[in-house]
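[1] How does the following fold in three dimensions:
(one chain, ligands or ions: 1)
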Amino acid sequence: MTETLHHWAGGAVLTSASDRVGDVLDPATGKVSRRVALASESDVEQVVGAAVRAYPAWRDTSLSGRTPILFRFRELLNARADELAAIITAEHGKVASDAAGEVARGQEVVEFACGIPHLLKGSATENASTGIDVSSIRQPLGVVGIISPFNFPAMVPMWFFPLAIAAGNTVVLKPSEKVPSAAQWMAELWREAGLPDGVFNVLHGDAVAVDGLLTHPDVKSISFVGSTPIARHVYETGTAHGKRVQALGGAKNHAVVLPDADLDMAADQAVNAGFGSAGERCMAISAVVAVGSAGDVLVEKIAERARGLVTGDGRRGADMGPLVTAAARDRVSGYVDAGEAAGATLVVDGRDVKPDAEGEGFFVGPTLFDHVTSDMSIYTDEIFGPVLSVVRVDTYDEAVALINANPYGNGTAIFTNDGGAARRFQNEVEVGMIGINVPVPVPMAYYSFGGWKNSLFGDTHAHGTEGVHFFTRGKVVTTRWTDPARRGESAGLDLGFPRNG
Ligand code: NAD
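    Predicted structure coming up:
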């Protein structure tokens, strides 16, 4: 019988009261590996309740009490990263090296959060007015909700929960129902690290679980990552219910290649950024904008490299794994059909790929289009698959205008050896994360991650100092203590407090 994964609340498995379940698939074989409970409203109550009960004690746990737990979590994650990476490959399909990379990027945020005593330091002003001091402190919010997408089962939750926990909040994580096991594994790791029961909880489910968190009066904030339509819904519903919300949405990332660029490097990077994780990355490059004479040589170099990639089961040493579901595969193949029908030049066709895998996995091979125009659906839509489109333009200005006209603004890159052009690009382009000869410019944990326009609703990016700010609220304290020598002069009211000394 196939095992069903239930929620995690108060430091233990909580069996769902709902009879709704989802299938969890192994995308490389197409087989159902386990089932996952899909929460009912009463499950939401129970899991949020566990976080509410744990909050007062965790909020009052000193920083010296919290930080050793974070360090232990880091050490355990370090020692057992391979286990987590294997879970990611088995449910998402990304190849082992990609899965290991994902864990490492999440771990950077854990390391950043280990420095929470420094990050939470407030400020103080002595003698702001005669005898008056002012100080500022930051305090936790309470129960915080995190809702994550399928494409980074470990890293995206780790963009948020290490800082949320370090700052004294308690957490309810609602992972994608397509890849639920990594969240459960991390919950057990927290318990092993000594985190008090109820500080980190996992609620499995779909829209019922999400809407339950968005409207729950005890949930004080929502950190969401997923597609743009759902991010917008989460932002609007969460804020309408009085919550602080950061909702990161979809993307359509461009890489501009100027004629003076190192075209071998640009081609290598376009292949990594376009086909890594089968294109299922919010920072994937999906449009290469070839300026002027760069186009012909670049397309030839990308095509040669794309044809050399091995597509297959991520556990067998393939370069690129499957898509997450049969529906995702069919959607991506449909876009390839549409691109061909619209008149783009199909240079490498991934629809007929022969994967190195057993069974009926959800594979589409690397696909490359040339002469794509901005009215084609392969350009306008987020495909979220291994399809790279080359758009040709004559000038740098046209390239920037194309990017700035796009409704998304997550990441972008420029390849050039001209420092002046790169400098102009970083200044002019309306995108949140910029790479200069770097195709996937994911910020380090001590900077903040987030896009512009339809790639982020709200004003706070993930992790870095913005993350600390998101998971805390500021308080300013204005204080007057009278000098003992001058106390007799004070003509203030006697409020009945005992006097010092
Ligand atoms: P998704 O929007 O389908 O799902 C994200 C989360 O929302 C999941 O937990 C899911 O259960 C929940 N959800 C789905 N439908 C819902 C509904 N109708 N009502 C309420 N909740 C709902 O996204 P996905 O397919 O899991 O992930 C891929 C998307 O995420 C892509 O668009 C990608 O660009 C985006 N993404 C963005 C970033 C970023 O940093 N901006 C990072 C990773 C992924």
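[2] any idea whether the residue of the stretch 251-400 of the chain found nearest the ligand is helix, strand or coil?
    In the stretch 251-400 of the chain, the residue that lies nearest the ligand is C282 (3.1 Å; CB to the nearest ligand atom). In short, each C-beta sits where N, CA and C put it, glycine included. Using DSSP: H, G, I helix; E, B strand; the rest coil, the structure places C282 in coil.
[3] And for it, the neighbour number?
    26 (other CB atoms under 10 Å).
[4] R138 now?
    17.
[5] In a strand, D133, correct?
    Yes - the assignment for D133 is a strand, going by three-state DSSP.
[6] Surely it and V476 touch.
    No - the criterion here is CB atoms under 8 Å, and D133 misses it with V476 at 11.2 Å.
[7] Excluding chain neighbours, give the residue nearest to the residue of the stretch 251-400 of the chain closest to the ligand in space.
    Spatial nearest neighbour of C282, chain neighbours left out: A251 (4.7 Å); criterion: CB to CB, 6 or more residues apart in numbering.
[8] show me what contacts that neighbour?
    C282, M283, A284, E382, Y408, N410, G411, G451, S455 (CB atoms under 8 Å, 6 or more residues apart in numbering).
[9] Hmm, G314 is touching G93, no?
    Yes - here G314 reaches G93: they are 5.9 Å apart, a contact under CB under 8 Å.
[10] where do the contact lists of those two overlap?
    Going by CB under 8 Å, 6+ apart, residues that sit against G314 and also against G93 are A28, G321, P322.
[11] Restricted to helices, list these.
    Applying DSSP state H to the shared contacts of G314 and G93, no entry is found in helices.
[12] Name the nearest residue to V299, sequence neighbours excluded.
    In space, V299 is closest to D370, 5.0 Å off (CB to CB, 6+ apart).
[13] Could you pull up the contacting residues of the residue of the stretch 51-200 of the chain found nearest the ligand?
    Taking CB to the nearest ligand atom, the ligand has its nearest neighbour within the stretch 51-200 of the chain at P149, 3.0 Å off. By CB under 8 Å, 6+ apart, the residues touching P149 are V156, S176, V225, G226, S227, C282.
[14] what sits against I87?
    Per CB under 8 Å, 6+ apart, neighbours of I87: P153, S181, A182, W185.
[15] is it true that it lies in a strand?
    No - I87: not assigned to a strand; according to three-state DSSP it is helix.
[16] Give the residue spans of this protein that score low on pLDDT.
    Low-confidence segments of the chain (pLDDT under 70): 487-501.
[17] mind checking the SS state of the residue nearest the centre of it?
    The structure's the chain has its C-alpha centroid closest to V156; by CA atoms, centre = their mean the separation is 3.5 Å. Following three-state DSSP, the label given to V156 is helix.
[18] Settle this for me: it is touching L173, isn't it.
    No - contact criterion CB under 8 Å: V156 and L173 do not qualify, at 10.0 Å.
[19] Give me the number of neighbouring residues for the residue nearest to V299.
    23.
[20] Could you do the one 3 residues further on as well?
    The number of residues packed near T373 is 13, by other CB under 10 Å.
[21] pretty sure it contacts Y379?
    Yes - the pair T373 / Y379 is scored as a contact, 6.8 Å apart, by CB under 8 Å.
[22] what is in contact with those two at once?
    By CB under 8 Å, 6+ apart, the residues touching both T373 and Y379 are V391.
[23] want to throw the shared contacts of G314 and G93 into TSV with neighbour count?
    Converted to TSV, the shared contacts of G314 and G93 look like this (neighbours: other CB atoms under 10 Å):
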residue	neighbour count
A28	28
G321	32
P322	32
